[in-house]
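Asks: Provide a 3D model corresponding to the input given below.
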Amino acid sequence: MLNASLKELSAALAQRKISSVELTRLFLERVEKLNGSLNAFITLDAEKSLAQARAADKRIAKGATQPLTGIPVAHKDIFVTRSWLTTCGSRILSNFVSPYDAHVIERFNGAGAVILGKTNMDEFAMGSSSETSFYGPVKNPWGQAYVPGGSSGGSAAAVAARMAPAATGTDTGGSIRQPAALSGVSGLKPTYGLVSRYGMIAFASSLDQGGPLAKSAEDLALLLNAMAGFDARDSTSVERVAEDYRRELDKPLAGLRIGVPKEHFGEGLAGDVGRAVGAALEEFEKLGAKRVPIGLPNSGLSVPAYYVIAPAEAASNLSRFDGVRYGHRAKEYRDLADMYRRTRAEGFGAEVRRRILIGTYVLSHGYYDAYYLKAQKIRRLIADDFVEAFKRCDVVVGPTSPTVAFKIGAKAADPVQMYLNDIYTIPANLAGLPGMSIPCGFGRDDLPVGLHIVGNYFSEAKMLNVAHQYQKATDWHQREPAGIQP
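Replies: Residues are numbered from 1 along each chain as shown. Next up, the predicted model:
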């Protein structure tokens, strides 16, 4: 059961081959066995999880089920969750118990899923390695000396180690896709606005987006069906007709045009990663797809633009807790705001302080025009590059990260090198496009390599089709970390 797909788990529950209580206990025992080593979870509450599992079993007995009913799902500790601690990987929120659920949590609860626990992450999602958490670094199941990626590293590690069949994450500049790549799992960042940000503690509001992590593209489609949906409480939520993201999974790839950006295969890309991605592109051609050379000429400016825009928005978001009113959300934020003010003297971690300082600087008088407005203009140019690219191709494919996972502590003293881990993922966030990463091989030290797929706006079903057909032809996504097999 620990290796089963979500589809298989759903069928087993429906056919009464296993109960949700039994399944939840199985994963809780797995977490108890491995979490001391991997540090993937911050908060567990077996009593609450098993109560949800019992409720799910009752739903199943009545025949009132959905595909995720009774399935345990781990949630990144950035989604506020009623009666659960929501720490955001920080000291400041170390005892914050939310009085309400994020929209994403509501959607999973409505589907009958079980909350397995809250996963570890970079403090306030400001990191690319899951090393900045107040609760200690997450360790990569493929090698515990290595990072799992970040900021959704706890969720990625939990899925990779089979501690959870699926998990949620958030992606501001690559924080779902990069840990998916480094941890050898599949992860999807939807189009901006497709998944509500209500109750998701903000990092950079114009960039943040929630999404799923799982073993396969087919699993991601099931999870996105639950997560996506209009929410009037989020002003950036897009009102669209509901769709089934599984509908194109089995469509052949004959005639598919795969755009390959030359800018993503030059200096900075490690040879082992380049070889694995090149082999994946050859596999797509065997499946009937056509490789189309494209250019994304402004993508090289994405990192400096991002590290002006994101810290500026982070500084603006955190400053709200100093007294700004929240309108219709005031009651829900009151406890969080009071806690922030009481504990501010305790301070943030070094990475959060660095980004807030940068953000405050670029928004200050005399620097706003010089930095922030110019970064926004570059953002527009990057989006325009994709508009032109999608006139020639259906999806853009390349590496997710320039290297495989690096050792814990190896880049902690060099923020620039750390930031460059997201050089291939950031452009999709700046443009608001959907992107995903799937496993495509192994590189140095037998560490996973991720393949990055970017689609046009609201083309998640097409992207999932591309990924699923590749995964039907390969088995990289089924590989398990050595030494911790179920």
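Asks: residue ranges with poor pLDDT in this protein?
Replies: Where the chain drops to pLDDT under 70, the residues are 318-347, 485-486.
Asks: which residues touch residue 263?
Replies: Listed by Cβ atoms under 8 Å, 6 or more residues apart in numbering, the contact partners of residue 263 are 295-297, 299-300. All C-beta spots, glycine's among them, are computed from the backbone N, C-alpha and C.
Asks: quick one: the residue positioned nearest the centre of the chain and residue 114, what's the gap?
Replies: Taking Cα atoms, centre = their mean, the centroid of the chain lies closest to residue 176, which sits 2.3 Å from it. As judged by Cβ to Cβ, to the nearest Å, residue 176 and residue 114 stand 21 Å apart.
Asks: Residue 383 reaches residue 428, doesn't it?
Replies: No - at 9.9 Å, residue 383 and residue 428 do not qualify as touching, with contact defined as Cβ atoms under 8 Å.
Asks: Mind checking which of these two has more residues around it?
Replies: More neighbours surround residue 428 than the other of residue 383 and residue 428, with 30 against 16 (other Cβ atoms under 10 Å).
Asks: Could you tell me whether that one really is in a helix?
Replies: Yes - assessed by DSSP: H, G, I helix; E, B strand; the rest coil, residue 428 belongs to a helix.
Asks: Give the burial count for the closest residue in space to it that isn't next to it in sequence, as a bare number.
Replies: Distances taken as Cβ to Cβ, 6 or more residues apart in numbering place residue 435 nearest to residue 428, at 3.9 Å, with adjacent residues excluded. For residue 435, the tally of surrounding residues (other Cβ under 10 Å) stands at 31.
Asks: cool, and the one 10 residues further on?
Replies: Applying other Cβ under 10 Å, we find 13 residues neighbouring residue 445.
Asks: so it sits in a helix?
Replies: Yes - assessed by three-state DSSP, residue 445 belongs to a helix.
Asks: residues contacting it?
Replies: Going by Cβ under 8 Å, 6+ apart, residue 445 touches 143, 146, 404.
Asks: Buried ones in the helix or strand where residue 311 lies, by neighbour count?
Replies: Per DSSP states H and E: residue 311 is located in helix 302-319. Buried positions in helix 302-319, judged by neighbour count with 16 or more other Cβ atoms under 10 Å: 302-318.
Asks: by contact count, what packs against that helix?
Replies: helix 350-363, helix 374-389, helix 426-431 (3 or more Cβ pairs under 8 Å, 6 or more residues apart in numbering; DSSP states H and E).
Asks: Which of those has the highest mean neighbour count?
Replies: With neighbours defined as mean count of other Cβ atoms under 10 Å, the helices and strands packed on helix 302-319 peak in mean count at helix 426-431, which reaches a mean of 29.
Asks: pretty sure residue 421 contacts residue 403?
Replies: Yes - at 7.5 Å, residue 421 counts as touching residue 403 under the criterion of Cβ under 8 Å.
Asks: out of these two, which sits in the more crowded spot?
Replies: Ranked by neighbour count (other Cβ under 10 Å), residue 421 and residue 403 place residue 421 first, with 27 against 20.
Asks: what about the residue nearest to that one when sequence neighbours are not counted, which SS state?
Replies: Using Cβ to Cβ, 6+ apart and skipping residues adjacent in sequence, the residue nearest residue 421 is residue 128, 4.8 Å away. Counting by three-state DSSP, the backbone at residue 128 sits in coil.
Asks: What about residue 128, how many residues nearby?
Replies: The burial count for residue 128: 29, using other Cβ under 10 Å.
Asks: Roughly how far does it sit from residue 239?
Replies: For residue 128, the distance to residue 239 equals 33 Å [Cβ to Cβ].
Asks: before we move on, what about residue 215?
Replies: Residue 215 is 31 Å from residue 239, by Cβ to Cβ.
Asks: which one of the two has more residues nearby?
Replies: Using other Cβ under 10 Å, the more surrounded residue of residue 215 and residue 239 is residue 215, with 26 against 9.
Asks: Need phi/psi at the more buried one.
Replies: Torsion angles at residue 215 (phi, psi; degrees, to the nearest 10) stand at phi -80, psi -30.
Asks: got it, and residue 192?
Replies: Torsion angles, degrees, to the nearest 10, at residue 192: phi -60, psi 130.
Asks: returning to what we had before: let's have the helices and strands packed on helix 302-319 in CSV, adding distance to residue 188.
Replies: Formatted as CSV, those follow (distance: least, Cβ to Cβ, whole Å):
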stretch, distance to residue 188
helix 350-363, 25
helix 374-389, 17
helix 426-431, 11
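Asks: and residue 15, which of those helices is closest to it?
Replies: Nearest to residue 15 among the helices and strands packed on helix 302-319 is helix 426-431 (39.3 Å), distances taken as Cβ to Cβ.
Asks: Now do the closest one: everything it contacts.
Replies: 171-174, 189, 192, 207, 209, 296, 299, 302-303, 305-306, 309, 379, 382-383, 385-386, 433-435, 454.
Asks: Next one: residue 145 from residue 411, what distance?
Replies: Distance, residue 145 to residue 411, using Cβ to Cβ: 14 Å.
Asks: In terms of neighbours, single out the busier of the two.
Replies: Applying other Cβ under 10 Å to residue 145 and residue 411 shows that residue 411 carries more neighbours, namely 19 against 13.
Asks: Okay, strands next: where are they in the stretch 51-200 of the chain?
Replies: Counting by DSSP state E, counting those that start in this stretch, the stretch 51-200 of the chain has strands at residues 72-76, 114-119, 166-171, 186-189.
Asks: C-alpha coordinates for the second one, CSV please?
Replies: This points to strand 114-119. The C-alpha trace of strand 114-119 is given here as CSV (Å, rounded to 0.1, in the frame of the first residue of the first chain):
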residue,chain,number,x,y,z
VAL,A,114,-7.4,12.7,5.9
ILE,A,115,-4.9,15.3,7.2
LEU,A,116,-1.8,13.2,7.9
GLY,A,117,0.3,16.0,9.4
LYS,A,118,2.0,19.4,8.6
THR,A,119,5.3,19.2,6.7
